[in-house]
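Participant: Let's see this in three dimensions:
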Amino acid sequence: MRLHRRLLRIRQACGHVPNVREETTVMKIKIVAPLERKYAVWMGGSILASLNSFQEMWISKEEYDESGPSIVHRKCF
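Facilitator: Predicted structure coming up:
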């Protein structure tokens, strides 16, 4: 129900004026999400790190210790 109210607020913010019937309508929502989603960031990072074009952006511990956080801006941007 919270999602329904949030969607109505978004529609109102976009200029839609709901009528009473829309306000009281209940929608059933089925969310389908694979169990692997909790590993999605890890898998994406793993794929990114394995790309040849990304290897030049790798930062070793020694580089980080020597330069600090600013090394990220120099190597990655």
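Participant: What's the local residue count around residue 64?
Facilitator: Using other C-beta atoms under 10 Å, residue 64 is surrounded by 13 other residues. For every residue, glycine as well, the C-beta is placed using N, CA and C.
Participant: could you check the distance from it over to residue 41?
Facilitator: Plainly put, residue 64 is 21 Å away from residue 41 if you go by C-beta to C-beta, to the nearest Å.
Participant: ok, now residue 27?
Facilitator: On the measure of C-beta to C-beta, residue 27 and residue 41 end up 30 Å apart.
Participant: before we move on, what about residue 3?
Facilitator: Residue 3 sits at a distance of 24 Å from residue 41 (criterion: C-beta to C-beta).
Participant: Could you do residue 59 as well?
Facilitator: Distance from residue 59 to residue 41, by C-beta to C-beta: 19 Å.
Participant: In terms of neighbours, single out the busier of the two.
Facilitator: Legend: neighbour count by other C-beta under 10 Å for residue 59 and residue 41, higher for residue 59 (14 against 9).
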